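Novice: Return a 3D structure for these sequence lines:
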Amino acid sequence: MRKMASKFFYGNNWKTKIFLLIKMVFYSAILSIFIILLLLLIKVICYRREWNWNEETMFTNINITMSNEKTGRRFMVPLQRSTCFPTQANITYDENYPDVFDWRSKGAVSPVINQLQCNACWAISILGIMESMVAIDQLNRGVFHEVTTLSVQEMIDCSYRKGCIVGDPRSAVEDMMDRNMSIVSEEEYPLTLRQEACRLPQNIRPKGVMVKSFQVACYVTPEYIMSRVYHHGPVAVTVNAAQWIFYTDGIITRNCPNEVPSNHVAQIVGYDKSGQIAYYIVKNSWGADFGIGGYVKVAMRQNLCGIEEYVTSVDVRSYGLSNQFV
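Specialist: Reported below is the predicted structural model:
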């Protein structure tokens, strides 16, 4: 560029000057476009990047290639959840629990589901904790073999909620109790992840699992959640999962605000407070290739992602399933 400028100013041939001028303009344009693209790339990276603390690697990279179709991200809309006020002063819990606990180690957690483009995270999470409660009862009685996967499709089709559009945990379990709704197995009512007409008779209670009682606790402490998970079982939580789309591994410690409305429901199946950063083990519904085998670790830090705002747990009873109980 310097040589061209020198020739342009000190040369005598006007044709050469025009050619050099065009050449300089062309190279300047290319350089300008490159700089603009580089600045845009830096801006996108700075905006999108979410650093996750990891005790071994200090941080992990964020996967920014996961498609909307794989995660259903485009369908993360604000949940229409019931009003919930702080209940910390009104609840009691057993303060004796281990530093590390995970229901997966007991075999009491079903495989991860991929909700795809169906916004049925509310149904997947409620049935997930119901499945675990059946398994935990069987474990306590010494008759456990494997987790019975319940029909998410039945919840999508037969619940009063708008199936693949919107739902919330409390309204779902209240509706199940009001109508004595019994959830059959996945084998009996296969998953299609589309809103369809209910295929079960409404006037006859089929064999399956019902909600016997439930508890919703709001704006709770990590101590409450750890105690509830250990002494009772996995819980369903509403979260702001907008930034989870970029998660691959490690522990989410920041850039996951709790001020915005919750847009997703997930399950806490365990926790670990033995290391430098205590965290929840959260089962997601974006497939097993999301995060750590379908799971995400969220730090117990100032209600990160809004994870401590709306915590639902259930007790269940079953009719006609193997190892039935009441």
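Novice: quick one: low-confidence ranges for the stretch 201-326 of the chain?
Specialist: By pLDDT under 70, the low-scoring segments of the stretch 201-326 of the chain are 202-206, 320-326.
Novice: now the helices for it?
Specialist: 222-231 (DSSP state H, counting those that start in this stretch).
Novice: what about the strands in it?
Specialist: 208-218, 235-239, 251-252, 264-272, 279-283, 295-299, 310-319 (DSSP state E, counting those that start in this stretch).
Novice: any chance of these in TSV, with mean neighbour count and distance to Ile36 too?
Specialist: C-beta: built from backbone N, CA, C; applies to glycine. Output for those, formatted as TSV (neighbours: other Cβ atoms under 10 Å; distance: least, Cβ to Cβ, whole Å):
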stretch	mean neighbour count	distance to Ile36
strand 208-218	19	48
strand 235-239	27	37
strand 251-252	26	32
strand 264-272	26	35
strand 279-283	26	39
strand 295-299	24	35
strand 310-319	22	44
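Novice: closest one to Gln138 among those?
Specialist: Checking the strands of the stretch 201-326 of the chain against Gln138 by Cβ to Cβ gives strand 310-319 as the closest, at 9.8 Å.
Novice: Test my guess that Ser182 contacts Val209.
Specialist: Yes. Counting by Cβ atoms under 8 Å, Ser182 touches Val209, with 6.7 Å between them.
Novice: For Leu41, the count of nearby residues, please.
Specialist: When neighbours are counted by other Cβ atoms under 10 Å, Leu41 registers 10.
Novice: for Gly294, that is, sorry about that
Specialist: 18.
Novice: what sits against the closest residue to it other than its chain neighbours?
Specialist: Spatial nearest neighbour of Gly294, chain neighbours left out: Val112 (3.1 Å); criterion: Cβ to Cβ, 6 or more residues apart in numbering. For Val112, the contact set (Cβ atoms under 8 Å, 6 or more residues apart in numbering) comprises 283-285, 287-288, 290, 293-295.
Novice: Go ahead and report the secondary structure state at Val112.
Specialist: What DSSP: H, G, I helix; E, B strand; the rest coil gives for Val112 is coil.
Novice: any low-confidence regions in the stretch 51-200 of the chain?
Specialist: Checking the stretch 51-200 of the chain against pLDDT under 70 turns up 51-92, 161.
Novice: show me where it has helices.
Specialist: 68-71, 121-141, 152-158, 169-178.
Novice: Output the ones you listed as CSV; include the columns mean neighbour count and distance to Lys273.
Specialist: Listed next are the helices of the stretch 51-200 of the chain as CSV, based on neighbours: other Cβ under 10 Å; distance: least, Cβ to Cβ, whole Å:
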stretch, mean neighbour count, distance to Lys273
helix 68-71, 16, 28
helix 121-141, 24, 21
helix 152-158, 25, 31
helix 169-178, 20, 25
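Novice: out of these, which comes closest to Tyr247?
Specialist: helix 68-71 (10.2 Å).
Novice: Show the end-to-end separation of stretch 106-124, please.
Specialist: 20 Å (Cα to Cα, to the nearest Å).
Novice: That one: which residues count as buried?
Specialist: For stretch 106-124, the neighbour count (16 or more other Cβ atoms under 10 Å) marks 108-110, 112-116, 118-124 as buried.
Novice: What is the most widely separated pair among those?
Specialist: Across the buried residues of stretch 106-124, no pair lies farther apart than Ala108 and Asn119, at 26.4 Å, counting by Cβ to Cβ.
Novice: Go ahead and confirm Tyr279 touches Tyr295.
Specialist: No. With contact defined as Cβ under 8 Å, Tyr279 does not count as touching Tyr295 (10.9 Å).
Novice: Residue nearest the middle of this structure, spatially speaking?
Specialist: Asn284 (4.0 Å; Cα atoms, centre = their mean).
Novice: Let me have the helices of the stretch 51-200 of the chain in JSON lines, extended by distance to Gly270.
Specialist: What follows is the helices of the stretch 51-200 of the chain, written out as JSON lines (distance: least, Cβ to Cβ, whole Å):
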{"stretch": "helix 68-71", "distance to Gly270": "22"}
{"stretch": "helix 121-141", "distance to Gly270": "11"}
{"stretch": "helix 152-158", "distance to Gly270": "22"}
{"stretch": "helix 169-178", "distance to Gly270": "19"}
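Novice: can you tell me which of those helices comes nearest to Asn255?
Specialist: Using Cβ to Cβ, the helices of the stretch 51-200 of the chain put helix 68-71 closest to Asn255, at 17.6 Å.
Novice: what's the helix or strand for Tyr27?
Specialist: Element membership of Tyr27 [criterion: DSSP states H and E] is helix 14-48.
Novice: what is the mean pLDDT for that helix?
Specialist: The pLDDT scores in helix 14-48 average 72.
Novice: Domain-wise, how is this protein divided?
Specialist: 2-48, 52-319 (automatic domain parsing).
Novice: how close does Ala288 sit to Ser125?
Specialist: 16 Å (Cβ to Cβ, to the nearest Å).
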